[in-house]
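> whatever this is, show me its structure:
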Amino acid sequence: MAIDALNSVMPSSAPGSLRRSALSQDDFIKLFLTELSYQDPMEPVKSREFLAQMAQFSNLEQTRVSNENTAGLLSLGVTTQSLGLLGKQVQLKSAAGSGLSGKVTAVAFTEAGPSLTVTETSGVVHEHVTLNQINLVRS
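Predicted coordinates:
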């Protein structure tokens, strides 16, 4: 049950999520029925062509569903990884070369993905830290 709650926090437009394909199953069926209604009665569509089109669409639909499921798993993995960092000491990458270190004190979920708040021992707070900015994790 906790996993469902976490997934509802993640926006559906996260960068890792896939956009729906341009044509849905309903669009394909409408297109196919239109094709059948305008075909030449003297040369109807052969059953092989019909079956080939249905098999191709079925394959595309399965691929789309598989991609959506993979994106959901990736999103869940990032969420789990982010929550696992709460309370951990981390070292951040910095442009100056010397990495900043502190404790992960909060995790927020935005459209861009998880956003961590890291508090240094001196009290300096770094907000909007991404997972890519973390160099090292300590218990």
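> for the protein, identify the residue most remote from the centre.
residue 42 (48.9 Å; CA atoms, centre = their mean).
> need the three-state assignment for that one.
Using DSSP: H, G, I helix; E, B strand; the rest coil, the structure places residue 42 in coil.
> roughly how far apart are residue 28 and residue 75?
Here the criterion is CB to CB, to the nearest Å. By it, residue 28 lies 27 Å from residue 75. (Glycine included, C-beta is placed from N, CA and C.)
> list the buried ones in the top helix by length along the chain?
Across the chain, the longest stretch assigned as helix under DSSP state H is helix 47-84. For helix 47-84, burial by neighbour count (16 or more other CB atoms under 10 Å) applies to 57, 71, 72, 75, 78, 79, 82.
> least confident of those?
Within the buried residues of helix 47-84, residue 57 has the lowest pLDDT, namely 82.
> residue contacts, that residue?
The contact partners of residue 57, by CB atoms under 8 Å, 6 or more residues apart in numbering, come to 25, 28.
> got it, and the one 4 residues further on?
Taking CB under 8 Å, 6+ apart as the definition of contact, the neighbours of residue 61 are residue 25.
> quick one: it and residue 41, what's the gap?
30 Å.
> again with residue 107
Using CB to CB, which is the criterion applied here, residue 107 is 64 Å from residue 41.
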